[in-house]
Structures are given as structure tokens and as C-alpha cells.
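[1] show me how the following folds:
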Amino acid sequence: MTFIGWVQIAFYCAIIVAITPALGAYMTRVFNGEPTFLSPILRPIEIGLYKIAGVDERREQHAVTYTVAMLLFHIGGFVILYALMRLQQWLPFNPAEQAAVAPDLSFNTSVSFITNTNWQNYGGESTMSYLVQMLGLTHQNYLSAATGIALAVALIRGFARHSVRGVGNFWVDITRCTLYVLIPICVPYALFLIWQGMPQTLGAYVDATTLEGAKQTIAVGPVASQVAIKMLGTNGGGFFNANAAHPFENPTALSNFVQMLSIFAIGAGLTNTFGRMVGDQRQGWALLAAMGVLFITGVVVCYAAEAHGNHLLNALGLSGGNMEGKEIRFGIVGSALFAVITTAASCGAVNAMHDSLTAIGGMIPLINIELGEIIVGGVGAGLYGILLFVIISIFVAGLMVGRTPEYVGKKIEAKEVKMAMLAILVLPLMYLGWTAVAMLVPSAVAAMGNPGPHGFTEVLYAYVSQDGNNGSAFAGLSANTPFYNLSGATAMLVGRFWMIIPTMTIAGSLAAKKSIPPSAGTFPTTGGLFIGLLVGVIVIVGGLTFFPALALGPIVEQLAINAGTSFSAN
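    Numbering: from 1, shown residues only. The predicted model follows:
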């Protein structure tokens, strides 16, 4: 660990805190339908889209109608993306003449991108045409990100409104999010990435001659436009197989830092949007503070583990920390910080190989996802995820003082608590269940790149990542098999939509309730006591659901390393 490393971490945190109120204020205006500085340009386009689609922007939807509209929208997106991949070889913009994608891989990938997971059992440059990358994958990157934000705003309205049935209009929310939030940021962002050295072309792959005289084909394509939304929308799917470790997806240390900022930007800003819409910005800062405690803890542990390395590396003369699987241009701090950010935010992009992290360093990304990715989390998904834990925390506080739990003027009753627990518990049911099944399937076990605890962690991480809609991987696992493609797709669907349905049920229930003014007995939810309670509930509830599986992998591996036995390249 170095002083410069800690300065970089502190600088990153300071920028995120600084941009949070600005983004929060802007998104509040967007989703309240108020004019913004972009309205003179974008409002006519917005109105035109509503006319084409037959949408009445003044018509509110009940939570059930809102949810059904969202589900139908995703069914359509799945069909389009699946068809593009299966028909790829006959479609234009395919200079590398990529063949049609296999049915099971097409199914897995389509589910992956409509759920904002971007789990990839393929190498982009060797599997997907430019058309599929643009019209299919990049397109879904925008829409899946906008969906998460829209759902978070619908839940915020549930807390902010009282005695009403409507929580907004899905078609209006997703249109405004895409037009006013995602596109205006991604256009200059993509130009910045091009300036840093990222390709943006429809030209054919480039043939080059190496110093040894051999021929090498260098894959290029419309990279910058996809990377911009993959990071901002916490999608994470790479244009190339090496993802953000590839020099064409992450050319410089500056591009690396800006990409890390963009991963957290909207998720952090939504906490401020929440505070503004419920009428008390302190509520949003309290949520961000709880996220910050968990995030900083993870960064410290992961950075320390990677900077220290282990005695097996030191015995080989490889002092100075664990650089295996990392890019020199980013170093240990840039890689460890990125690993924690991308798994705290359900982004899944990687600039280093998580399979090569030390046992304890690799445990932190795994914990981040298993906690439900509520440490900022995916755009929108992180906010409604942590609000589920807020409901549990307020319920616990109510039990301790003998009062009906209240939060921002709404009574938290049995229905909300049951729905919150249902959404939280379905995640470990999926990833623990599928991991257990995989350990009984010979072909699944054979796909592990390492034996023992590390190999088990590869499988566990795969299902945790897909169930948590993250998309990163312990890449030692060869997961492009029918078993992993189909079981992983199931985990992604459940992890996304089975969490959304209870959340929207809560939104509808809260919106219909009356608002209760605070009293002398109301538990304060803006101070250190509430932040501590929320962090404690997250750790305890998360720990009870995943710790047995977690301990069986990285912790056992670390004990083995301490005993002088290596289960992996580390």
C-alpha cells in the first residue's frame, strides 16, 4: 500500500460525493416532469415519441400495471436480441463474417442483457457482429439501465406520495430517463473515450505484421459508444473478451479513473433524488453514508490484501504485492479499487482478472454481490435494494421500542416487511441452490479451472454474479456449456424480476397510505444511529444467508495458502 494509492481512493470518494447533489437535483426535475436546460431540444422529441407510441404522459399507472408494462417490454427486448444473434450471419455489418450464435448461448446472452447482468460466456470480438453489438447489446444496455432507474423512481414515489393509486407511467419514465439522463451523458463520454484512444469504427478488422513476421488480426469496431453506456448504466458487458483490461476498452489510467466514476455516478445521485422527492435531503445522505461505510471497508480490505500478496509469491521473489492478472498501467490500487466498485455497483466490468486476486481480495467482490449489491448498486436497482433493507431495519427498530415502524412518514407494516424479506431471500436460494446442483453434475465440475476451494469459488461466484445481475466472473470457469448457459439464465431472470415484483408491490402499498407527521416517538432516520443500524442489518441479514457458502471457498483457500498449499496460481 502506498500514500499515492490512498490519495487516489480518497480523491475518487470526494468526487462522487461532490457530483451526487448535482445529479440528484437534475434527475429529480426530469422525473417530476419539470423543465431542464435540455428541454428546448429534447421536449419535441419526447412528445413525438409519445404520439408514435400512443402514450398519454398525463396518465398514471397503478404499481401492477407499471410492472406488467415493464415485463412485456422486456419480453419484446428478449425476442429481438435473440433473433439478431440467431440470424447474425445473414445480417449486415458483419465484416469478420461471424456465424450464428448457438441457441443456448443466444438464450443466455439475451437474458443477460435484458436483465442488466451482461454475463458473457463468449468473446465479443470472436462471436458478435457489429450489428449485434450495436443494435442488440448496446441498445439493451440503455433500456435495461433506464428500466432500473424507472423502477427506483416508482418506489420513491411510493414513499413520497400519499393516498394515491399511481406510481408513475413506465413508458414515460423510461423515455425520459433515456432521453434526458443516459444519452446526454453518454455522447460526450464516448467522445472522451475516443480521445483517450478507444476505437469507434465500422471498418473491418485490421491485419498487422508482428516483429517476428507473423500475421496478426486486430479486432476493432464501434467500441466507445458501447463502453460509455456499459459503464454509466452499470451494465458491464465488454466489446472484447478481456473487457476493461483490453487497451481498446480502457486505454489509459485517466480513462480507468473516469470509468470508475461513471459506474457510481447515477447510483449515488439517486440517493439524493430520493431525499429531494421525499422532502428531506438528509434521508438521501443517510443512505449514501451507509453505502459509504460498506464500500470503504471493502476497499481497505481488498487493497490491503492485494498490496500484501502472500508468502508464496514472496518466496518466488515477487515482492510488492500481487500483480498477477493485473494491467501495469493501472497497478494494484487501480485494479483493487475497480474490482470493489464494479461489484458494489453491479456493473461487472473488470480491468483485472478476479480469478487471480488473492483469496481475501477475491472474497470482497463476492461479498459485495452477495449482500444484494446495495453498496450504490446498479443504476436504480441499488437504491430499491437498499430501501428493502431500510424497511427491515425500521421494522427491527420498531420491535425494540414497541412502536409501529415508520419511515419518511409512512407506516411500515407486515405486508411491506414480508415483501422485502421475499425479495432479499430469493437471491441466496438461487445461487446456493444452483451451486449445489453444479457440484453434482460431472460436466459442470469438469469446467472448473482449478481444483479444491478455489474451483468451488469459481462456480459459486458465477451463480452469485448472475443471480445478483453483476456479470463479472472468476474467469477460470469454462461456463459456455448448455448446463451453465441455461441454469445461469434462470438465475439471472429470478435475480432481476423476482426482486422487482415484491418491490413494486411495496411501492403500490406505500403510495396508497396516508402520510404521518413525525412525533416525539418517531425513530430518527438521518443520523448516525440509523446509519449504524442499517449497516448492521445489512451485514447480519446478508451474513446469515450467504456466510456458510462464502466460508467454504475463499477463507478455506486462504487457510490452505497459509499452510503452504496452493489451490490456484496465487
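[2] what does the residue nearest the centre of the chain show for phi and psi?
    For the chain, the residue nearest the mean C-alpha position is Ser346 (1.8 Å; Cα atoms, centre = their mean). Dihedral pair for Ser346: phi 50, psi 30, per degrees, to the nearest 10.
[3] what does the pLDDT read for the closest residue to it other than its chain neighbours?
    Nearest residue to Ser346 in three dimensions, chain neighbours excluded: Gly378, at 3.6 Å (Cβ to Cβ, 6 or more residues apart in numbering). All C-beta spots, glycine's among them, are computed from the backbone N, C-alpha and C. Reported pLDDT at Gly378 in the predicted model: 90.
[4] does Gly378 touch Leu270 like I think?
    No - using Cβ atoms under 8 Å, Gly378 is not in contact with Leu270; the gap is 10.4 Å.
[5] poorly predicted segments of the stretch 1-150 of the chain, please.
    Along the stretch 1-150 of the chain, the model assigns pLDDT under 70 to no residue.
[6] that one: helices as residue ranges?
    Here the stretch 1-150 of the chain has its helices, by DSSP state H, counting those that start in this stretch, at 3-31, 39-53, 63-86, 103-114, 124-127, 130-131, 139-160.
[7] burial-wise, tell me which of those comes out on top.
    With neighbours defined as mean count of other Cβ atoms under 10 Å, the helices of the stretch 1-150 of the chain peak in mean count at helix 139-160, which reaches a mean of 26.
[8] what's the angle between that one and helix 103-114?
    Helix 139-160 and helix 103-114 are oriented at 40 degrees to each other (axes from the mean of the first three to the mean of the last three Cα atoms, to 10 degrees).
[9] now helix 139-160 against helix 63-86, angle please.
    Between helix 139-160 and helix 63-86, the angle comes out at 170 degrees (the same axes, to 10 degrees).
[10] any idea how far helix 139-160 is from the chain center?
    Here the centre of helix 139-160 is set off from its chain's centre by 13 Å, with Cα atoms, centre = their mean, to the nearest Å.
[11] so after that helix, what's the next helix or strand?
    Following helix 139-160 in sequence order, the next helix or strand is helix 170-176 (DSSP states H and E).
[12] how far is the next helix or strand after that following helix from where the chain is centred?
    Counting by DSSP H and E, the next helix or strand C-terminal to helix 170-176 is helix 183-196. Distance, stretch centre to chain centre, for helix 183-196: 20 Å (Cα atoms, centre = their mean).
[13] now helix 183-196: buried residues?
    183-186, 189-190, 193-194, 196 (16 or more other Cβ atoms under 10 Å).
[14] stretch 382-401 too?
    For stretch 382-401, using 16+ other Cβ under 10 Å, the buried residues are 382-398.
[15] from the buried residues of helix 183-196, pick the one nearest Asn480.
    Of all the buried residues of helix 183-196, Leu193 has the smallest distance to Asn480: 28.4 Å, by Cβ to Cβ.
[16] now do the contacts for that closest one.
    Leu193 is in contact with 224, 227-228, 255, counting by Cβ atoms under 8 Å, 6 or more residues apart in numbering.
[17] so where's the stretch 451-570 of the chain uncertain?
    Using pLDDT under 70, the stretch 451-570 of the chain drops low at 543-570.
[18] now the helices: where do they sit in it?
    452-467, 482-511, 528-550, 556-562.
[19] now mean neighbour count and distance to Gly203 too, for those, in CSV please.
    As requested, these are exported to CSV (neighbours: other Cβ atoms under 10 Å; distance: least, Cβ to Cβ, whole Å):
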stretch, mean neighbour count, distance to Gly203
helix 452-467, 27, 34
helix 482-511, 22, 32
helix 528-550, 17, 46
helix 556-562, 18, 45
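[20] could you dump these into a markdown table with distance to Leu87 added?
    Shown next, in a markdown table, are the helices of the stretch 451-570 of the chain (distance: least, Cβ to Cβ, whole Å):
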| stretch | distance to Leu87 |
| --- | --- |
| helix 452-467 | 26 |
| helix 482-511 | 19 |
| helix 528-550 | 40 |
| helix 556-562 | 44 |
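[21] closest one to Arg29 among those?
    The nearest among these, by Cβ to Cβ, is helix 482-511 at 20.8 Å.
[22] quick one: list the elements packing against the closest one.
    In terms of contacts (3 or more Cβ pairs under 8 Å, 6 or more residues apart in numbering; DSSP states H and E), helix 482-511 is packed against helix 63-86, helix 103-114, helix 139-160, helix 381-401, helix 414-438, helix 442-446, helix 452-467.
[23] quick one: which of those helices is nearest Glu306?
    Closest approach to Glu306 among the helices and strands packed on helix 482-511 is made by helix 452-467 (16.1 Å; Cβ to Cβ).
[24] helices or strands up against that closest one?
    Helix 452-467 sits against helix 359-370, helix 414-438, helix 482-511, helix 556-562, with contacts defined as 3+ Cβ pairs under 8 Å, 6+ apart.
[25] which one of those lies nearest to Ile75?
    Using Cβ to Cβ as the measure, helix 482-511 is the one of the helices and strands packed on helix 452-467 that comes nearest Ile75, at 10.9 Å.
[26] what angle do helix 103-114 and the closest one make with each other?
    Using the same axes, to 10 degrees, the inter-axis angle of helix 482-511 relative to helix 103-114 is 30 degrees.
[27] now find how far off-centre helix 482-511 is within its chain.
    From the chain centre to the centre of helix 482-511 is a distance of 14 Å (Cα atoms, centre = their mean).
[28] and the closest residue in space to Met448 that isn't next to it in sequence, how far from Val445?
    Nearest residue to Met448 in three dimensions, chain neighbours excluded: Gly455, at 3.6 Å (Cβ to Cβ, 6+ apart). The spacing between Gly455 and Val445, counted by Cβ to Cβ, to the nearest Å, is 8 Å.
[29] now Ala352
    For Ala352 relative to Val445 (Cβ to Cβ), the value is 26 Å.
[30] more neighbours: the two, which one.
    The residue with more neighbours, out of Ala352 and Val445, is Ala352; 26 against 14, by other Cβ atoms under 10 Å.
[31] so what pLDDT did that one get?
    With respect to pLDDT, Ala352 has a value of 93.
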